[in-house]
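> turn this into a model:
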Amino acid sequence: MHPRQELKQLTDLLLSDESHWGERRESLQEMHRLFVDLNHFNAYEPAVKVDEEWLPNGCAISPRGAAMCLFEITRTRLFVKGIVSAIHQLLKEQKTRPLQILDAGCGPYALLSLLAAQYFSADEVQFHLLDIHETNIDASKILIEALDMTDQFGSCIIADACTYQWPPALPLHLIITETMLNGLRKEPQVSITLNLSRQLAAGGLLIPEHVAVDLVRINNSIKNKIMQTAIDTGYYGELDFSDCEKKLSSIVTLTKETTVADITRKPLETIMLPADHKPDFHCLQFHTTITVFDKLVMHHSDSSLTLPLHFSQPNKNPMDAGRTVAFHYNTSTNPGIEFEFVN
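Numbers count the residues shown, from 1 in each chain. Purely as a prediction, here's the structure:
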């Protein structure tokens with residue numbers, strides 16, 4: 001079987017709503033095996049470059065770290081499904097052909113673009129790859145050539161996506177950038193979005209289209225009871241923690257419409273902890289929700305991108321009722337949400 005046919009079968013299985021978790025995991029493992037055979041970049045072994053690179057607006061993870069993202073089942077699946085859906089919408093709304101798509105932070109497998117490209121022709125879409133690491137661009141080019149998909153890929157650019165300027169003569173229809181961690185910390189998702197989204201053509205789309213970080217209070221007493229019930233019954237399915245979670249405020253929202261002024265406003269939000277707040281068993285967490293596209297949403301704990309981020313715990317940085325906290329977002333070298341006490 002030609003490698004391209006094998007990859008298509010594996011991608012179909014990953015995206016299928018009929019497949020189960022184990023099949024999806026196996027499909028990603030087989031994809032990795034195929035990629036290693038074709039471009040010799042193995043996520044499990046030391047890569048040419050394994051160090052993170054700190055840029056003016058955040059940390060660019062190493063090629064090896066980027067390669068490991070492949071194994072995040074929910075992340076990979078929902079992002080590819082979202083890209084495919086977004087392209088279908090653009091094909092209906094835009095007259096220009098082919099659509100021009102920029103994958104900012106493509107990694108050594110150009111994974112998200114590569115999988116989505118299989119569902120479209122070169123006449124419909126052209127993917128362009130952008131990455132700060134030359135290793136990633138070189139490995140992606142080898143893979144694309146080995147899969148006979150060069151006709152669907154245009155330029156391969158080594159640059160910082162936080163400052164890169166798209167050629168103004170060419171309309172940019174879709175931006176893909178998954179350069180983030182939970183809580184929008186450390187990595188440059190915010191700065192990349194602020195830079196590139198200004199360069200979209202009219203009606204252009206951004207993937208992910210909406211990222212929200214909320215401050216949520218957790219009642220540990222209720223949560224512990226839910227967990228104990230799961231232990232007693234042996235059921236660890238989709239546990240419902242809604243009764244022990246209370247959203248206190250939205251802290252950061254990131255979309256293609258977000259401006260530098262929106263993000264750098266001080267404070268973004270100011271919160272007074274409610275009178276019933278009890279620091280001995282209440283936790284405060286940042287919960288990240290990612291709307292990849294339309295109804296494709298990753299809620300907290302669905303992937304490493306949305307794991308809850310502790311802000312205050314009974315045994316670490318406890319906060320009393322009535323304390324007022326002001327939040328702002330730092331877009332410098334080590335980006336993330338920061339705070340200060342107002343009283």
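> quick one: strands adjacent to the helix or strand where residue 214 lies?
Counting by DSSP states H and E, the element that carries residue 214 is strand 210-219. Neighbouring strands of strand 210-219 in its sheet, by DSSP bridges, are strand 245-254 (antiparallel), strand 282-293 (antiparallel).
> how about stretch 294-304: buried residues?
For stretch 294-304, the neighbour count (16 or more other CB atoms under 10 Å) marks 296, 297, 298, 300, 302, 303 as buried. For every residue, glycine as well, the C-beta is placed using N, CA and C.
> C-alpha coordinates for it, PDB please?
Extracted in PDB, the C-alpha atoms of stretch 294-304 (Å, rounded to 0.1, in the frame of the first residue of the first chain):
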ATOM      1  CA  ASP A 294     -18.100  25.800  15.600                       C
ATOM      2  CA  LYS A 295     -19.200  23.000  18.000                       C
ATOM      3  CA  LEU A 296     -15.900  21.300  18.300                       C
ATOM      4  CA  VAL A 297     -14.900  22.200  21.900                       C
ATOM      5  CA  MET A 298     -12.200  21.000  24.300                       C
ATOM      6  CA  HIS A 299     -13.300  21.600  27.900                       C
ATOM      7  CA  HIS A 300     -11.100  21.500  30.900                       C
ATOM      8  CA  SER A 301      -9.100  18.200  31.300                       C
ATOM      9  CA  ASP A 302      -9.900  17.000  27.800                       C
ATOM     10  CA  SER A 303      -6.200  17.400  26.900                       C
ATOM     11  CA  SER A 304      -3.000  18.800  28.300                       C
END
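> longest helix of the protein?
Longest helix in the chain by number of residues (criterion: DSSP state H): helix 73-93.
> can you name the next helix or strand after that one?
Downstream of helix 73-93, the first helix or strand assigned by DSSP H and E is strand 99-104.
> dump that next one to CSV, restricted to CA.
Extracted in CSV, the C-alpha atoms of strand 99-104 (Å, rounded to 0.1, in the frame of the first residue of the first chain):
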residue,chain,number,x,y,z
LEU,A,99,-7.6,28.9,-0.5
GLN,A,100,-4.4,30.0,1.2
ILE,A,101,-3.8,28.4,4.6
LEU,A,102,-1.0,29.2,7.0
ASP,A,103,0.1,26.6,9.6
ALA,A,104,2.1,28.6,12.2
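> which is the next helix or strand following that strand?
helix 111-117.
> give me the element the closest residue in space to residue 54 that isn't next to it in sequence is part of.
Nearest non-adjacent residue to residue 54, counting by CB to CB, 6 or more residues apart in numbering: residue 333, 5.8 Å away. Assigned by DSSP H and E, residue 333 falls within no helix or strand.
> nearest spatial neighbour of the spatially most central residue of the chain, skipping sequence neighbours?
Nearest to the geometric centre of the chain sits residue 178, at 3.9 Å (CA atoms, centre = their mean). What sits nearest to residue 178 in space, not counting adjacent residues and going by CB to CB, 6+ apart, is residue 79, at 6.1 Å.
> okay, the one you found: pLDDT?
In this model, residue 79 is scored at 98, pLDDT.
> which ones are touching it?
Going by CB atoms under 8 Å, 6 or more residues apart in numbering, residue 79 touches 112, 176, 178, 207, 208, 292.
> low-confidence regions, the stretch 1-150 of the chain specifically.
Flagging of the stretch 1-150 of the chain using pLDDT under 70 yields the residue ranges 46-50.
> can you do 50?
Of all residues in the stretch 1-150 of the chain, none has pLDDT under 50.
> repeat for the stretch 151-300 of the chain
Answering for the stretch 151-300 of the chain: no residues sit below the bar, that is pLDDT under 50.
> now do the SS call for the residue nearest to the centre of the chain.
Three-state call for residue 178 (DSSP: H, G, I helix; E, B strand; the rest coil): coil.
> would you confirm that it contacts residue 75?
Yes. Between residue 178 and residue 75 there is a contact at 7.4 Å, judged by CB atoms under 8 Å.
> which residues do the two both contact?
Contact with both residue 178 and residue 75 is made by residues 69, 305, according to CB under 8 Å, 6+ apart.
> can you map out the helices along the chain?
So, for the chain - with DSSP H - the helices run 3-15, 21-39, 63-68, 73-93, 111-117, 134-146, 189-196, 220-233, 260-264.
> could I get the ones you listed in JSON lines, plus columns for distance to residue 307?
Shown next, in JSON lines, are the helices of the chain (distance: least, CB to CB, whole Å):
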{"stretch": "helix 3-15", "distance to residue 307": "22"}
{"stretch": "helix 21-39", "distance to residue 307": "18"}
{"stretch": "helix 63-68", "distance to residue 307": "16"}
{"stretch": "helix 73-93", "distance to residue 307": "12"}
{"stretch": "helix 111-117", "distance to residue 307": "20"}
{"stretch": "helix 134-146", "distance to residue 307": "25"}
{"stretch": "helix 189-196", "distance to residue 307": "15"}
{"stretch": "helix 220-233", "distance to residue 307": "15"}
{"stretch": "helix 260-264", "distance to residue 307": "22"}
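> which of those sits most buried?
Highest mean neighbour count of these: helix 111-117, a mean of 26 (counted as mean count of other CB atoms under 10 Å).
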